[in-house]
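A.B. asks: My questions are about this predicted structure, shown below with the sequence.
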Amino acid sequence: MPDNIEKIAIRLTVNGKAHSLRVEPRMLLVELIREQLDLTGTHVGCDTTYCGACTVLMNGAAVKSCTVFAVQADGAEIMTVEGLEKDGQLHPIQKAFGDAYGLQCGYCTPGLMLSTVQLLSQNKQPSEKEMRKAIAGNTCRCTGYQNILKAIQLAAQSMKGA
Amino acid sequence: MYPRAFHYHRASSLSEAAAMLAEFGDDAKLLAGGQSLIPLMKLRFANPSHLVDLNFISGTSYVREENGTLRFGALTRHAEIEASPAAAKVPIIHDCAAGIADVQVRNRGTIGGSLAEADPSSDWATVLITLQTEVRCQNATRNRGLQLADFIKDAYTTALAHDELVHEVAVKIPPAGAGGAYLAFKRSAPVYPTASAAVQLAMEGEVCRDAAIALGCVGLMAIKARDAEAALRGQSVTEKTVAEAAEAARAAADPQSDMRGSADYKRTLVGALVKRAIDIAVRRAHGEQVEVSHIYA
């Protein structure tokens, strides 16, 4: 193993807040988010690029934060589930997941909601096929996807004017 | 699940990255999209002492159409290719880009990284070997171009020298009258396909003037099914010739039994995929718009 691993200085914005940190190169983005910034809404599920529980937005694009090094987020804008609500008001996507019973245990939900943010930012009226494709990288092990799809549809409707 | 500790280097140009490879030797790895390398490092199957990050180099991500050739920068993400109107002119390329893994992986993974990794289950190699594809490589001082068939040597093995990297993938746009389709069968989105088939045809009415057929995930590299191509070339595309091509494809496959299925199952599957892909390729050659991509069970 190499000796004297130098930490790397990075700057990034997380949910609108700027951070400057020094990180070990092997630190994963999800570990930076959870352990350095204490934003534990981003979950670690499989830790093998499969389940999508760790999904966050990096410059608007959904990524699995267990498969990005923190140093790669230097200069990036990150959004986590904590960035969705504004002034105590739930984001329409959060509200829709609640109203449509789009969750059971909730472990996969932050990732699913961020995949939904990317989908609805690119496609305001997605078809069922497009919704299924958009969340194909997010695994739910409780209950299946029917209510999740209903939640995405409800969110799309309530965000129509936005 | 940390990878082993490593030194991190952020290259500011591809030439600088190549120079770092020359300096650090076998202990160095390039980081492109990282969607294969980072999982391998977390499992400690890959333990580079030096990681050279290519992601901060500007001008490495593009899709350009120039004189009948599509040029992809090595760091072009699958998602950018999926969204590219220029790339959509070659439907088999869109089929591939739109179906690799899932949204999150397509947002990170790159075409150059995929080819340079040469995973036997990768989608790009299977698709691009049915087209005229040149892999443009460079080290710190020189460029060279290799045909894709000469670039991939074996499973996880390419013709890249230790100080060399991919900087561009150039694909000749097939002429009018051509049609292609790529079908990959997957158990779920994030996994590699169980088997896949890429078919690119040059049609003149009902007659197939030329055919390129490649099979993925059923050998150590993408397999060019030459007998299947011969079964169609110069022939009318009929139920009989399609059945002959599918049978030849089944014979060309060399699958392993694993958690995705038995060798027999994969052989049967790949034949069915070839049959379906020929049908779609012919319809596209005749001007029909057909939307296909990876199939989930």
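C.D. replies: Structure's in. What do you need?
A.B. asks: and residue B:144, what helix or strand is that in?
C.D. replies: strand B:143-147 (DSSP states H and E).
A.B. asks: now residue B:199
C.D. replies: Using DSSP H and E, residue B:199 sits in strand B:195-204.
A.B. asks: Only alpha carbons, please: show that strand as CSV.
C.D. replies: Extracted in CSV, the C-alpha atoms of strand B:195-204 (Å, rounded to 0.1, in the frame of the first residue of the first chain):
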residue,chain,number,x,y,z
ALA,B,195,-26.9,-12.4,-23.8
SER,B,196,-27.1,-9.9,-26.5
ALA,B,197,-27.2,-9.6,-30.3
ALA,B,198,-26.3,-6.8,-32.7
VAL,B,199,-27.4,-7.0,-36.3
GLN,B,200,-26.4,-4.5,-39.0
LEU,B,201,-27.7,-5.1,-42.5
ALA,B,202,-27.4,-3.4,-45.9
MET,B,203,-30.6,-4.1,-47.7
GLU,B,204,-31.7,-3.7,-51.4
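A.B. asks: in the helix or strand following that strand, what's buried?
C.D. replies: Going down the chain from strand B:195-204, the next helix or strand is strand B:207-216, by DSSP H and E. Burial within strand B:207-216, assessed by neighbour count using 16 or more other C-beta atoms under 10 Å in any protein chain shown, is assigned to B:208, B:211, B:212, B:213, B:214, B:215, B:216. C-beta: built from backbone N, CA, C; applies to glycine.
A.B. asks: Likewise for stretch A:22-42?
C.D. replies: Residues A:23-34, A:37, A:39, A:41-42 are the ones in stretch A:22-42 that count as buried (16+ other C-beta under 10 Å).
A.B. asks: cool, stretch A:82-101 as well?
C.D. replies: Neighbour-count burial for stretch A:82-101 flags A:82, A:83, A:84, A:91, A:92, A:93, A:94, A:95, A:96, A:97, A:100 (criterion: 16+ other C-beta under 10 Å).
A.B. asks: Out of the buried residues of strand B:207-216, flag the one nearest to chain A.
C.D. replies: Nearest to chain A among these: residue B:216, at 19.3 Å, using C-beta to the nearest C-beta.
A.B. asks: So which of the buried residues of stretch A:82-101 sit within helices?
C.D. replies: A:92, A:93, A:94, A:95, A:96, A:97 (DSSP state H).
A.B. asks: surely residue A:93 meets residue A:116?
C.D. replies: Yes. Taking C-beta atoms under 8 Å as the definition, residue A:93 is a contact partner of residue A:116 at 5.2 Å.
A.B. asks: where do the contact lists of those two overlap?
C.D. replies: Common neighbours of residue A:93 and residue A:116, using C-beta atoms under 8 Å, 6 or more residues apart in numbering or on different chains, are A:151, A:152, A:155.
A.B. asks: near chain B, which residues of chain A?
C.D. replies: Selection of chain A residues close to chain B by C-beta under 8 Å from any C-beta of the partner chain yields A:1-2, A:5-6, A:8, A:24-28, A:47-52, A:55, A:58, A:61-64, A:66-69, A:71-72, A:74, A:115, A:118-119, A:133-134, A:136-139.
A.B. asks: just for chain A, where's the confidence low?
C.D. replies: Within chain A, the ranges that satisfy pLDDT under 70 run A:1, A:162.
A.B. asks: Where does the record place the domain boundaries for chain B?
C.D. replies: For chain B, automatic domain parsing gives the domain ranges B:7-52, B:63-172, B:178-296.
A.B. asks: and residue A:17, which of these is closest to it?
C.D. replies: Checking the domains of chain B against residue A:17 by C-beta to C-beta gives domain B:63-172 as the closest, at 22.9 Å.
A.B. asks: distance of whatever residue of chain B ends up closest to chain A from residue B:245?
C.D. replies: Residue nearest to chain A within chain B (C-beta to the nearest C-beta): residue B:102, separated by 2.6 Å. According to C-beta to C-beta, to the nearest Å, residue B:102 stands 31 Å off from residue B:245.
A.B. asks: One more: residue B:288?
C.D. replies: 20 Å.
A.B. asks: swap in residue B:103?
C.D. replies: Here the criterion is C-beta to C-beta. By it, residue B:103 lies 34 Å from residue B:245.
A.B. asks: need the contact list for the residue in chain A that chain B sits nearest to.
C.D. replies: In chain A, the residue that lies nearest chain B is residue A:137 (2.6 Å; C-beta to the nearest C-beta). By C-beta under 8 Å, 6+ apart, residue A:137 lies in contact with A:52, A:55, A:62, A:64, A:115, B:101, B:102, B:103, B:104, B:105, B:189, B:190.
A.B. asks: List the residues that contact residue B:111.
C.D. replies: Neighbouring residues of residue B:111 by C-beta under 8 Å, 6+ apart: B:72, B:74, B:76, B:78, B:81, B:124, B:169.
A.B. asks: Which among the domains of chain B is found nearest to residue A:104?
C.D. replies: The nearest among the domains of chain B, by C-beta to C-beta, is domain B:178-296 at 19.5 Å.
A.B. asks: that older thread, can I get the buried residues of strand B:207-216 in CSV with distance to residue A:111?
C.D. replies: CSV is the format used below for the buried residues of strand B:207-216 (distance: C-beta to C-beta, whole Å):
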residue, distance to residue A:111
B:208, 45
B:211, 42
B:212, 39
B:213, 38
B:214, 34
B:215, 34
B:216, 29
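A.B. asks: any idea how chain A splits into domains?
C.D. replies: With automatic domain parsing as the reference, chain A has domains A:8-82, A:92-158.
A.B. asks: which residues in the chain form helices?
C.D. replies: Just going to use chain A. If DSSP H is used as the criterion, the helices of chain A fall at A:29-31, A:92-99, A:109-122, A:128-134, A:146-158.
A.B. asks: my question was about chain B
C.D. replies: Ranges of helices within chain B are B:14-24, B:37-42, B:78-82, B:91-99, B:103-108, B:111-117, B:123-128, B:148-151, B:226-232, B:239-252, B:263-285, based on DSSP H.
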